[in-house]
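Q: A structural model of the following input is requested.
(one chain, ligands or ions: 2)
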Amino acid sequence: VAQVFNVGVDVDDPSTIPSYAQYWKMDRGSPPAFLIERSEGDIGPTRVPKEVFTSAKFHQLEMEKLWKRVWQAACRENDIPDVGDWLVYDIGDQSVIVVRVAPDKIRAFPNACLHRGNRLFDGAGSQCDQIRCSYHGWSWDLNGSIKEMTCRWDFGDVDSDLVRLVDLPCTTFAGWVFINLDLNADSLDCFLGPDIVAQVGHSPYHRSWKAAHIAKVIPCNWKAMFHNVIEFYHLETVHRNSVLSYTGDLLTQYDFYGPHSRFIAPFGVPSPYLGEVDEQAVLDSFLSGIHRNLVGSEEPEHESTKLGPEQTARQFICDFLKAMLSERCGDLSHVSDTEAIDALGYAIFPNLNIWTGYVSPFVIRVRPHGNDHSSCLMEVMTFVHMPEGHKLPRDVPMRMTPSDETWTDAKDIANLALPLDEDTEAALLRIQRGMQNDNVREIILASYHEGAIRNLHHHINQYVEA
Ligand code: FES
Ligand SMILES: [Fe+2]
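A: Ligands and ions are numbered 1, 2, ... in the order given. All right, here's what the predicted structure looks like:
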């Protein structure tokens, strides 16, 4: 007999709401131990003064004390796969050139000429064998040593060390290139901590191809945008017509690892808000929604969409996804059901949201837009996990899209576009303007469902108050 979900569940009584664990316990195979182990945290304020979002002064504090000290993902290793490939990463009014100087060595330099301060590079490029200023032609080799000072004789007392480009801390992890503006920064491993290193390291991102990367300026503070991707509290209102019918929003489990956090929301399970729903209805809504977008074809081609008497929607979706993805990703038989199907992701402090579940291989990164506290650059990247040992194609570069274009218009991120448009319309375009009203003095955060936001602010405070 098909399971009927949500029998006896009352959304106003948390003791009646099942846990995520109840579902993975019914799955086939066991999830890796790290997904079972909880790392609960209960830190961070439940009230955050609105100035944290609306004040240029607080932004300046963040620039000095957070962004100039924290490790941040500048790009993917595969954005710059060949020696001489480079890319500019901007954060606030600071700018960094990331360049591959050898097959296994990437360096990061401040993006400014040491003669009269000209910005050296813009965008991204290839086949660079020196860094040359466009103004008076000073140039550096790819190790940062000065190569040529035009009219060297005219700079008598300037020695080569003074005009050496500073080698910023730069290292790689899980296919990402991380940089730090602080020369005295602790190691990236130390910043991420052993749990994140192990868990994100276990994910397939070290062998992933970035298939799409689109960016848009959003008129809200970067943190207000980031909040939206680290809580599942808004699904009932914002995503009622898209993902709610197959996402157990109120079942989401949040775990905390220092400044970082993890969420796991079960897919293939309806929201408790929807009342009693049977397995078949969950499957039907999943197939009509996510499947079409993932596969990019009109209708599913599998033999039957009717569940067998002993089959759950989660199992069906899981088998279906694994079969579909194994064509591109290689054998997925070792992957647990929860890793295959669930909305599983990490918030890497302060601004990187990596979804590690196979069903949703995407990443969102957000940073201040230039030096403006009231707008941000939101980037959405989708990935294809490749079989181990496979040579990865060059990543698709970032493409800016106009602010007034929808995510759906952008085309490249099909399966994400609808929920992102829902987020954008319901909140991202409205939140900054709302917050600026004088009656808003602070934001109020839920203890549990907004725990990751609380954790984020707790650690931002640690930086800015240090
Ligand atoms: S400012 Fe760069 S060479 Fe003069
Ligand atoms: Fe959302």
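Q: Quick one: the strands in the stretch 151-300 of the chain, in order.
A: All strands of the stretch 151-300 of the chain, identified by DSSP state E, counting those that start in this stretch, fall at 170-173, 176-179, 208-218, 253-257, 260-265, 277-278.
Q: Turn the ones you listed into JSON lines, columns for distance to ligand 1.
A: (Each C-beta comes from the backbone N, C-alpha and C, glycine too.) Output for the strands of the stretch 151-300 of the chain, formatted as JSON lines (distance: least, CB to the nearest ligand atom, whole Å):
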{"stretch": "strand 170-173", "distance to ligand 1": "23"}
{"stretch": "strand 176-179", "distance to ligand 1": "22"}
{"stretch": "strand 208-218", "distance to ligand 1": "28"}
{"stretch": "strand 253-257", "distance to ligand 1": "43"}
{"stretch": "strand 260-265", "distance to ligand 1": "39"}
{"stretch": "strand 277-278", "distance to ligand 1": "64"}
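Q: May I see those strands organised as JSON lines, with mean pLDDT added?
A: Shown next, in JSON lines, are those (pLDDT from 0 to 100):
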{"stretch": "strand 170-173", "mean pLDDT": "98"}
{"stretch": "strand 176-179", "mean pLDDT": "98"}
{"stretch": "strand 208-218", "mean pLDDT": "97"}
{"stretch": "strand 253-257", "mean pLDDT": "97"}
{"stretch": "strand 260-265", "mean pLDDT": "97"}
{"stretch": "strand 277-278", "mean pLDDT": "93"}
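Q: which one of these lies closest to residue 229?
A: Proximity to residue 229 (CB to CB) singles out strand 260-265 among these, at 9.3 Å.
Q: Show me what that closest one is packed against.
A: On a contact count with 3 or more CB pairs under 8 Å, 6 or more residues apart in numbering; DSSP states H and E, strand 260-265 meets helix 188-202, strand 253-257, strand 343-348, helix 451-465.
Q: Name the residues of the chain found near ligand 1, please.
A: 113, 115, 116, 118, 133, 135, 136, 137, 138 (CB under 6 Å from any ligand atom).
Q: out of the residues you listed, which are buried?
A: 113, 115, 133, 138 (16 or more other CB atoms under 10 Å).
Q: How confident was the prediction at the residue positioned nearest the centre of the chain?
A: Centroid-nearest residue in the chain, with CA atoms, centre = their mean: residue 353, separated by 2.3 Å. We have a pLDDT of 98 for residue 353.
Q: What separation do you get for it and ligand 1?
A: Counting by CB to the nearest ligand atom, to the nearest Å, the gap from residue 353 to ligand 1 is 37 Å.
Q: quick check, that residue in a strand?
A: Yes: judged by DSSP: H, G, I helix; E, B strand; the rest coil, residue 353 forms part of a strand.
Q: Could I get the average pLDDT for stretch 359-377?
A: On average, the pLDDT along stretch 359-377 is 96.
Q: Go through that stretch and flag the buried ones.
A: In stretch 359-377, counting by 16+ other CB under 10 Å, buried: 359-369, 372-377.
Q: Could you do stretch 26-33 as well?
A: 27, 31.
Q: ok, residues contacting that stretch?
A: 24, 36, 202, 312, 314, 315, 318, 336, 337, 338, 339 (CB atoms under 8 Å, 6 or more residues apart in numbering).
Q: pretty sure the third one contacts residue 34?
A: Yes: taking contacts as CB atoms under 8 Å, residue 202 lies within contact range of residue 34: 7.3 Å.
Q: Following the helix or strand of the chain with the lowest mean pLDDT in sequence, what is the next regular element?
A: Every helix and strand of the chain was ranked by mean pLDDT, DSSP states H and E. The lowest is helix 292-295, at a mean of 54. Where DSSP states H and E defines the elements, the next helix or strand beyond helix 292-295 is helix 313-329.
Q: Endpoints of stretch 394-410, how far apart?
A: 21 Å (CA to CA, to the nearest Å).
Q: what is the rounded mean pLDDT of it?
A: 94.
Q: Brilliant, that's me finished.
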